[in-house]
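Asks: Here is a sequence together with a model predicted from it:
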Amino acid sequence: MLFVVIGDAKPDVTLEQIRANRRAFLVWERESGLGDRCQTLARYEVVGQSPKRTFWIMRADDPQVIHDLLEFFGDVWNVQAFPVIERSLVDVTRAVTVRSD
C-alpha cells in the first residue's frame with residue numbers, strides 16, 4: 001500500500017532537537033530494518049516553511065511500518081499518515097467537466 005506521511009515540527013521544538021531526532025532516526029532505521037520493510041521510502045521537505053514540514057512517500061505491505069514511524073517521530077513532530085492510491089491524469093480529467101457559457 002502507498003502512504004503519504006506529513007510531518008509538521010512541533011512549534012516549541014528547536015532546530016537542534018530536530019537534527020538530533022534525524023540522527024537518532026538514522027540509527028533506528030538501520031536497527032529496525034525499516035528500509036527492508038518498505039518498497040519505497042522518499043522524504044521531501046517544504047522549503048522555507050516554519051515550523052518545518054516534511055512529506056514522506058512510502059510503499060509498504062505492512063501498516064505496522066507507519067505506526068512505528070509515527071511512534072518514533074511523535075515527540076518532535078505532529079505526524080499524520082494517509083493511505084493513497086495513484087490515479088492517472090486521464091482519471092482526473094475525466095472527472096472534471098469544463099463548461100463554457
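Replies: Received, thanks. Numbering: from 1, shown residues only.

Asks: Name the single longest helix found in the protein.
Replies: Across the chain, the helix with the greatest residue count (assigned by DSSP state H) is helix 15-32.

Asks: The helix or strand just after that helix packs against which elements?
Replies: Sequence-wise, the next helix or strand beyond helix 15-32 is helix 34-37, with elements assigned using DSSP states H and E. Counting by 3 or more C-beta pairs under 8 Å, 6 or more residues apart in numbering; DSSP states H and E, the packing neighbours recorded for helix 34-37 are helix 64-73. Where you see a C-beta, it was placed from the backbone N, CA and C, and this is true even at glycine.

Asks: Show me which residues of the helix it packs on are buried.
Replies: Judged by neighbour count (16 or more other C-beta atoms under 10 Å), helix 64-73 contains these buried residues: 65-66, 69, 72-73.

Asks: Likewise for stretch 25-38?
Replies: Going by neighbour count (16+ other C-beta under 10 Å), the buried part of stretch 25-38 is 25, 29, 34, 38.

Asks: ok, now which ones touch the first one?
Replies: The neighbourhood of Phe25, defined by C-beta atoms under 8 Å, 6 or more residues apart in numbering, consists of 72-73.

Asks: next one: Leu2
Replies: Applying C-beta under 8 Å, 6+ apart, we find Leu2 in contact with 40, 57-59, 83-86.

Asks: Ranking by neighbours, what's the top pick from the residues you listed?
Replies: For the contacts of Leu2, the largest neighbour count, defined by other C-beta atoms under 10 Å, is 21 neighbours, found at Met58.

Asks: State the pLDDT value of Trp101.
Replies: Heads up, residue 101 is Asp, not Trp. According to the model's per-residue confidence, Asp101 sits at a pLDDT of 58.

Asks: for Ser32, same thing?
Replies: Model confidence at Ser32, expressed as pLDDT, equals 81.

Asks: where's it relative to Phe72, distance?
Replies: Taking C-beta to C-beta, to the nearest Å as the measure, Ser32 falls 8 Å from Phe72.

Asks: same thing with Ala9?
Replies: Separation of Ala9 from Phe72 (C-beta to C-beta): 14 Å.

Asks: try Phe3
Replies: Going from Phe3 to Phe72 by C-beta to C-beta gives 15 Å.

Asks: This completes my enquiry, with thanks.
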